[in-house]
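A.B. asks: Fold the stuff below for me.
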Amino acid sequence: MKNKMQITNLLFFFLCYISISVVLAKETVPIVVSDEVSALLSIKASLVDPLNRLQDWNLATNGGENGLVHCNWTGVWCNSNGAIEKLDLSYMNLSGRVSDDIQRLHSLASINICCNGFSSPMPKSLSNLTMLKNIDVSQNYFVGSFPMGLGRAAGLTVINASSNNFSGLLPEDLGNATLLESLDLRGSFFQGMIPTSFKNLQKLKFLGLSGNNLTGRIPRELGQLSSLESIVLGYNEFEGGIPAEFANLTNLQYLDLAVGNLDGEIPAELGRLKQLSTIFLYKNNLVGKIPPEIGNITSLVLLDLSDNLLSGTIPAELADLKNLQLLNLMCNQLNGQVPTILGELTKLEVLELWNNSLTGSLPMNLGRNSPLQWLDVSSNSFTGEIPASLCNAGNLTKLILFNNAFSGPIPIGISSCLSLVRVRMQNNRISGTIPGGLGKLGKLQRLELANNSLTGQIPNDIALSISLSFIDLSRNHLQSSLPSSILSIPNLQSFVASNNNLEGDIPDQFQDCPSLALLDLSTNHLSGGIPASIASCEKLVNLNLRNNRFTGEIPRVIAMMPTLAVLDLSNNSLTGGIPENFGSSAALEMLNVSYNKLEGPVPANGMLRTINPDDLIGNAGLCGSILPPCSRNSLMTSTSQRMHIKHVIAGWIIGISAVLAIGIAVFGGRWLYKRWYLSSGCFEDRYNMGNGEWPWRLMAFQRFSFTTGEILASIKESNVIGMGASGIVYKAEMQRSNTVVAVKKLWKSGTDIETGNRDDLVGEVNLLGRLRHRNIVRLLGYLHNDTDVMMVYEYMHNGSLWEALHEYGYTLKVNEKSDIYSYGVVLMELLTGKRPLDPDFGESIDIVGWVRGKIKDNVAIEEALDLNIGGQCKHVQEEMLLVLRIALLCTAKLPKDRPSMRDVITMLGEAKPRRKSSSNNGSNNANKERPIFSTSPVTGLL
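C.D. replies: This next block holds a predicted model:
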C-alpha cells in the first residue's frame with residue numbers, strides 16, 4: 001500500500017512537471033520568435049537592397065500557422081520550434097553592412113551571404129553564434145580583420161571567406177574548431193604566418209590560404225593533418241622550402257604551392273602520396289633535380305614545375321605517370337634529352353618544355369597515341385626531324401617549335417590538322433617545301449616559318465584561308481610569284497615574305513584587305529609597278545618594298561592612306577618625282593626612297609622638311625628642300641623629259657606667277673608698312689624702347705590679323721589662365737580683329753636664344769612639329785627680345801586635350817579608329833594617375849618618355865604606379881605591371897613593333913587579375929578541386 005502511494009505521488013509530480021514545461025514553452029517560443037523577427041528587421045535596415053530582393057521581410061506578410069511570419073521570408077529557414085537555423089542571402093546584389101544584431105539569432109547554424117557587394121568589416125558579434133556549422137561570406141569586399149572567437153563554435157565544419165579584402169593575421173583560435181572540414185581564406189590580404197594551431201584540425205579536408213600576403217615558413221605541423229585532401233597555399237611570400245612532412249598527408253589529392261617564393265629542393269618524399277592528382281609548384285625558386293620518385297605518384301594528372309631553377313635531366317620515371325595530362329617544365333635550367341619513353345604517355349594533352357637547354361630529338365612517337373593539344377618546346381637546342389604523329393588524334397591547337405635546330409621537312413600531317421590555331425616554327429633548319437593544305441585549316445590564325453631553309457613556292461591554297469591573321473615566311477629560299485589573292489585574306493593583319501627569291505608583280509588585289517596593317521616584301525626580285533590599289537588598305541601602317549626591282553612612278557594615292565606611318569621604297573628602279581602630297585600625309589613618320597631613279601625637286605612641306613637626307617640618297621636627279629638647291633640645268637633637264645603638254649602648262653604657270661609676284665610685292669609692301677606703323681609707330685621708337693633692349697621680334701607660321709603691340713598689351717596678371725614648369729599662359733583678346741590666342745611666356749630669357757641655349761623654345765617647337773593631329777593645339781608663332789620669349793598658340797575654347805583624354809581614358813571607348821599608340825598612352829594614364837604632359841616629367845617629355853626613362857635609369861618601375869588604385873599592394877602591383885608592359889608595347893617607337901588591337905585584347909585577357917577566387921557559387925564542394933589562379937601556359941608569354 002505504501003509503495004502504491006509513492007508511485008501515485010511520483011506520477012502526480014511528473015504530470016505536473018510536464019504540464020508546467022508545456023506552459024512555459026508556449027510562453028517562451030513567442031518571446032524567442034519575436035526577438036528574432038526584430039533582429040531580422042534590424043539586419044534588413046542595415047542593408048542596401050537595390051533589387052528589393054528582401055521586400056517580403058515585413059510584418060504584414062502572411063505567416064501561416066502559429067504566427068511564424070518570418071519563416072516564409074526570402075532566404076530564411078526555421079526549425080520546428082520557429083527559431084531561425086539557416087540564413088541564405090547569396091547572389092542578391094546586397095551591400096551596406098551586416099548588423100551586429102545577427103548575434104540575436106541564437107539557433108543559427110548556417111549563414112550564406114556570398115557573392116554580394118559588402119565592403120564593410122564583418123561583425124565581430126558573429127563569434128557569439130556558437131551553434132554555427134557553416135559560414136560562407138565569399139566573393140565580397142569585406143575589409144578589416146576576420147572575426148576572432150569562431151573557434152568557440154564547436155560544431156563548425158565549413159568556413160568560406162575567399163575572395164575578399166580581409167587583412168591582419170589569420171585567426172589562431174580557428175584551431176579550436178576541431179570539427180572543421182573546409183577552411184577557405186583565399187584571395188584576401190592576410191599577413192603574418194600560418195598559425196601552428198591549425199595542426200589541431202584533424203578532420204580538415206580542404207585548406208585554402210592562397211593569394212594573400214602570408215610570410216614565414218610553411219609550418220611542418222601541417223603534415224599532421226591526416227585527413228587533408230586539398231592544400232592551396234600559393235601566391236604568398238613564404239620563406240624556406242616545402243616541408244618534407246607533407247609526405248605524411250596520405251589522403252592528399254591536390255597540392256598547390258605556386259608563386260609562393262619557396263626555395264630549396266622538391267622533397268623526394270612526395271613520391272609517397274599515391275592519391276595525388278595535381279602538383280602546382282610553378283614560379284618559385286626551387287633548385288636541384290626533379291625527383292624521379294615523382295614517377296611513383298601514379299594517380300598524377302597535372303604536374304607543373306615551370307618557372308623555377310631546376311637543373312639536370314628530365315627523369316624517365318615520369319613515363320610511369322599513365323594518367324598524366326599536363327607536363328609543364330618550361331623556364332628552368334634542364335638539359336639533356338627528352339626521354340623517348342615519354343612519347344608513350346597515352347593521356348598527355350599539354351607538353352611545355354620551352355626555355356631550357358634541352359638537346360637531341362623529340363620522341364618520334366609523341367602524339368601517336370595521345371590527345372595532344374599543346375606542344376611548346378621553343379628556345380631549346382633540339383635537333384632532328386619534327387615528329388610526324390603530333391596531330392594523330394586531331395586535337396593539336398598550338399605547335400610552337402621556334403628557336404631550335406629542327407631539320408627535315410614540315411610533316412605532311414600538319415597541313416591536315418584541322419584543330420590547329422598557331423604554328424610557330426621560325427628560326428630552325430627546316431627544309432623542303434611548304435605543304436599544301438594549310439589554307440584550308442579553318443582555325444589557323446598564325447603561321448610563322450621564318451628563317452628556315454624552305455624552298456619552292458607559296459602554296460596557292462594559303463590565299464583561300466578565312467582565319468589567318470599573321471603570316472611570316474621571311475628569310476627562306478622561296479621562289480615563284482605571290483598567289484594572286486593572298487593579300488586579300490579577310491582577317492590578314494600582317495604578311496611578311498622578305499628575304500626570299502620571289503619574282504613577278506605584286507598582285508593587284510588590294511580592294512579587299514580590311515585588316516592588313518603590315519606588308520613586308522623587301523629583299524626579293526619583285527618587279528613591275530607599285531599597284532595604286534594598295535591605297536585601299538585603310539589600316540596599313542607599315543609598307544616595306546625595299547630591295548626589289550620595282551619600276552614606274554610612286555602612286556600619289558599612297559600619301560592619302562590614313563594610317564600609313566612607315567614607307568620604305570629604297571633600292572628599286574622607281575622613276576619620276578616624289579609626289580608633293582607626301583609632305584601633307586596625315587600619319588607618315590618615315591619615308592625612305594633612297595637608291596632609285598627619282599628626279600626633280602623634293603617637296604618642302606610637312607614631314608619632308610625634316611626628312612633624313614640618307615633616305616633620299618642615291619637619286620642623282622633629286623634636288624631642293626634639304627638637298628642642294630635645284631640648278632637651272634637640272635630643272636631644265638628634268639623638264640625636258642616631260643611631255644609637251646607639261647611644257648605648255650609650266651609656261652602658263654610661270655607667266656601667271658610673275659604677274660602675281662609683282663602684285664604681291666606691291667601690296668605686301670603696303671601691308672608691312674601699315675603693320676609696322678600700327679605696331680609701334682616707327683623703327684626709331686622700337687629700337688629706343690626698354691633702355692637699349694632689343695625690340696620684339698616676331699616669327700609667324702601663318703599670317704596674323706593682329707600686331708605685336710596687341711599681344712604685349714594682353715600680358716597682364718588678370719589674363720593669366722595657367723601656369724606650368726615652363727612658363728605662364730595668358731589669354732590674349734584682340735578687339736580690333738576679334739581674335740583670341742593663348743600666349744605662353746617662358747621662364748627662360750630671350751638671351752638664351754641669342755646665345756644658342758634654346759632648349760625650351762626648340763624643344764617645344766620640335767615637339768609640336770611632330771604632333772600632327774586635329775586635337776593638338778596649333779603653334780601660330782613666337783616672339784622674343786633679349787629678355788623674354790613668348791609662344792603664340794591657337795586658343796582652345798572647349799577645354800584642354802588632357803580633359804578630353806581623361807574622359808576617354810576612364811570610359812575606355814575604343815573603336816576601330818583608335819590608334820594603338822594612343823591606347824597605350826591611355827593605359828599609362830590609368831596606371832600612373834599622370835597626365836600625358838605633366839610638369840613633373842620635365843620640359844618636352846611626355847608620359848611615354850617619362851615611363852621609359854625610369855626603365856632606362858634602372859629606377860624601380862613600381863614607383864610610377866598610382867598608389868590610389870592599389871599600388872601599395874604587391875599582388876595588385878604585379879597585375880598593374882603586367883598591364884604597363886602592354887602599354888609599353890603599344891607605345892613602341894616604330895609602328896611595326898606595336899601589337900594589333902586583337903593582340904592587345906588577348907594580352908589584357910591573359911593579364912587579368914589572378915588573385916581572386918574563380919569560384920562563382922556558394923558551394924564549397926564546387927571549389928575544392930578548382931585552382932584559385934589561372935594555370936594557363938600562355939601566362940608566361942606576357
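
A.B. asks: so L334 sits in a strand?
C.D. replies: Yes: counting by DSSP: H, G, I helix; E, B strand; the rest coil, L334 is found in a strand.

A.B. asks: neighbours around it, how many?
C.D. replies: 23 (other Cβ atoms under 10 Å). Quick note: C-beta positions are derived from backbone N, CA and C, even for glycine.

A.B. asks: Would you check that it makes contact with L309?
C.D. replies: No: using Cβ atoms under 8 Å, L334 is not in contact with L309, being 10.3 Å away.

A.B. asks: now the residue lying closest to I242 once chain neighbours are set aside: how far from I279?
C.D. replies: Nearest non-adjacent residue to I242, counting by Cβ to Cβ, 6 or more residues apart in numbering: P267, 5.6 Å away. To I279, P267 is 11 Å away according to Cβ to Cβ, to the nearest Å.

A.B. asks: So if I had to pick from those two, which one is more boxed in?
C.D. replies: Set P267 next to I279 and count neighbours by other Cβ under 10 Å: I279 wins out with 23 against 17.

A.B. asks: Give me the contacts around the helix or strand hosting the more buried one.
C.D. replies: I279 belongs to strand 278-280 when assigned by DSSP states H and E. Under the contact criterion Cβ atoms under 8 Å, 6 or more residues apart in numbering, strand 278-280 has outside partners 234, 253-258, 270, 294, 297, 300-305, 931, 935.

A.B. asks: Sheet partners, orientation included, of it?
C.D. replies: strand 254-256 (parallel), strand 302-304 (parallel) (DSSP bridges).

A.B. asks: okay, those strands in CSV with mean pLDDT next?
C.D. replies: Supplementary listing: those in CSV, determined by pLDDT from 0 to 100:
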stretch, mean pLDDT
strand 254-256, 97
strand 302-304, 97
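
A.B. asks: which phi and psi does G439 have?
C.D. replies: With angles defined as degrees, to the nearest 10, G439 sits at phi -70, psi -10.

A.B. asks: Check F166 too.
C.D. replies: When read as degrees, to the nearest 10, the backbone of F166 gives phi -60, psi 150.

A.B. asks: For it, which non-adjacent residue is closest in space?
C.D. replies: With Cβ to Cβ, 6+ apart, the residue lying closest to F166 is S188, at 4.0 Å.

A.B. asks: Hmm, N165 and the one you found touching each other?
C.D. replies: Yes: if you go by Cβ under 8 Å, S188 and N165 touch, sitting 6.0 Å apart.

A.B. asks: These two: which is more packed in?
C.D. replies: The neighbour comparison of S188 against N165 (other Cβ under 10 Å) goes to S188, with 25 against 14.

A.B. asks: for the more buried one, what are its contacts?
C.D. replies: By Cβ under 8 Å, 6+ apart, the residues touching S188 are 161-167, 211-212.

A.B. asks: for this structure, what helix or strand is lowest in average pLDDT?
C.D. replies: Using mean pLDDT, DSSP states H and E, the weakest-scoring helix or strand in the chain turns out to be helix 683-688, at a mean of 32.

A.B. asks: In JSON lines, list the strands paired with strand 278-280 along with distance to F118 and mean neighbour count.
C.D. replies: Listed next are the strands paired with strand 278-280 as JSON lines, based on distance: least, Cβ to Cβ, whole Å; neighbours: other Cβ atoms under 10 Å:
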{"stretch": "strand 254-256", "distance to F118": "27", "mean neighbour count": "24"}
{"stretch": "strand 302-304", "distance to F118": "34", "mean neighbour count": "23"}
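
A.B. asks: Which of the ones you listed sits closest to D136?
C.D. replies: D136 lies closest to strand 254-256 among the strands paired with strand 278-280, at 20.2 Å (Cβ to Cβ).

A.B. asks: Give the pairing partners of the helix or strand just after that closest one; include direction for each.
C.D. replies: As assigned by DSSP H and E, the chain's next helix or strand after strand 254-256 is strand 263-265. Strand pairing for strand 263-265, using DSSP bridges, gives strand 285-288 (parallel).

A.B. asks: what is the mean pLDDT for the strand it pairs with?
C.D. replies: Average pLDDT, strand 285-288: 98.

A.B. asks: now do stretch 105-125
C.D. replies: On average, stretch 105-125 scores 95.

A.B. asks: Tell me the span between the first and last residue of it.
C.D. replies: End-to-end span of stretch 105-125 (Cα to Cα, to the nearest Å): 11 Å.

A.B. asks: For it, which residues meet the burial criterion?
C.D. replies: The neighbour-count check on stretch 105-125 (16 or more other Cβ atoms under 10 Å) flags 105, 107-116, 118, 122-123, 125 as buried.

A.B. asks: How about stretch 455-467?
C.D. replies: 458-459, 461-463, 465, 467.

A.B. asks: Can I get those in a markdown table including pLDDT?
C.D. replies: As requested, those are arranged in a markdown table below (pLDDT from 0 to 100):
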| residue | pLDDT |
| --- | --- |
| I458 | 96 |
| P459 | 95 |
| D461 | 94 |
| I462 | 94 |
| A463 | 91 |
| S465 | 94 |
| S467 | 95 |
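
A.B. asks: In strands, which of the residues you listed fall?
C.D. replies: Among the buried residues of stretch 455-467, no member falls in strands (DSSP state E).

A.B. asks: Let me have those residues in TSV, extended by distance to H784.
C.D. replies: Formatted as TSV, the buried residues of stretch 455-467 follow (distance: Cβ to Cβ, whole Å):
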residue	distance to H784
I458	60
P459	65
D461	66
I462	61
A463	60
S465	60
S467	60
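
A.B. asks: now, which of those sits nearest K322?
C.D. replies: Closest to K322 out of the buried residues of stretch 455-467 is S467 (35.6 Å), distances taken as Cβ to Cβ.

A.B. asks: Just the buried positions in stretch 42-49, please.
C.D. replies: Buried, per 16+ other Cβ under 10 Å, within stretch 42-49: 43-44, 47, 49.

A.B. asks: could you dump those residues to JSON lines with secondary structure, distance to P387 and pLDDT?
C.D. replies: Below are the buried residues of stretch 42-49 laid out as JSON lines (DSSP: H, G, I helix; E, B strand; the rest coil; distance: Cβ to Cβ, whole Å; pLDDT from 0 to 100):
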{"residue": "I43", "secondary structure": "helix", "distance to P387": "64", "pLDDT": "95"}
{"residue": "K44", "secondary structure": "helix", "distance to P387": "65", "pLDDT": "95"}
{"residue": "L47", "secondary structure": "strand", "distance to P387": "61", "pLDDT": "95"}
{"residue": "D49", "secondary structure": "coil", "distance to P387": "60", "pLDDT": "94"}
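
A.B. asks: which residues does L327 form a beta bridge with?
C.D. replies: L303, L351.

A.B. asks: so who does it touch?
C.D. replies: 303, 318, 342, 345, 348, 350-352.

A.B. asks: any idea how far A319 is from it?
C.D. replies: Using Cβ to Cβ, we find L327 at a distance of 10 Å from A319.

A.B. asks: Overlap of the contact sets of those two?
C.D. replies: 342, 345.

A.B. asks: Report the residue ranges of every domain in the chain.
C.D. replies: Domain segmentation of the chain under the TED database yields 34-55+68-239, 697-794, 801-910.

A.B. asks: got any ranges where the stretch 301-450 of the chain has weak pLDDT?
C.D. replies: Across the stretch 301-450 of the chain, nothing is flagged by pLDDT under 70.

A.B. asks: correct me, but S527 touches E503?
C.D. replies: Yes: using Cβ under 8 Å, S527 is in contact with E503, at 7.3 Å.

A.B. asks: what's the spacing between T340 and G408?
C.D. replies: 18 Å.

A.B. asks: got it, and L464?
C.D. replies: 27 Å.

A.B. asks: Over to S625?
C.D. replies: 54 Å.
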